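Engineer: Just need the structure, nothing else, for what follows:
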Amino acid sequence: MSLLGAVFGLPLAPVRGLIRLAELIQEQAELELRHPAAVRRRLEEVAEARAAGLISAEEEAEETERILAEMIG
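Structural biologist: Prediction:
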């Protein structure tokens, strides 16, 4: 990088740092959502809600499908 580029790029350094921090947070959140223990916990919560009568069998199936789809992709 040239000296001129460094001088004009310096004021944007905090913005670049903030963008990178946001990217790292997003990556970590996605990893945690796909972690097997987190997925199992969410599936157990759905099963408990169904057992307690809070949701119907159809809603349980939809939620389970959504959770598994998030985990895969």
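Engineer: So which elements touch the biggest helix by length in the chain?
Structural biologist: With secondary structure taken from DSSP state H, the chain has its longest helix at helix 13-34. Using 3 or more C-beta pairs under 8 Å, 6 or more residues apart in numbering; DSSP states H and E as the contact definition, the elements that helix 13-34 packs against are helix 57-72. Placement of C-beta: from N, CA and C, glycine included.
Engineer: Give me the mean pLDDT for the helix it packs on.
Structural biologist: Per-region confidence: helix 57-72 scores 91 on mean pLDDT.
Engineer: picking that back up, give me the buried stretch members for the longest helix of the chain, please.
Structural biologist: Applying a neighbour-count criterion of 16 or more other C-beta atoms under 10 Å, helix 13-34 contains no buried positions.
Engineer: can you state the direction angle for that helix and helix 57-72?
Structural biologist: Counting by axes from the mean of the first three to the mean of the last three C-alpha atoms, to 10 degrees, helix 13-34 points 130 degrees away from the direction of helix 57-72.
Engineer: From the chain's centroid, how far away is the helix or strand just after helix 13-34?
Structural biologist: Towards the C-terminus, the helix or strand next in line after helix 13-34, according to DSSP states H and E, is helix 36-51. Put simply, helix 36-51 sits 17 Å off its chain's centre (C-alpha atoms, centre = their mean, to the nearest Å).
Engineer: cool, stretch 52-69 as well?
Structural biologist: 20 Å.
Engineer: Isn't Glu32 up against Val39?
Structural biologist: No - with contact defined as C-beta atoms under 8 Å, Glu32 does not count as touching Val39 (10.2 Å).
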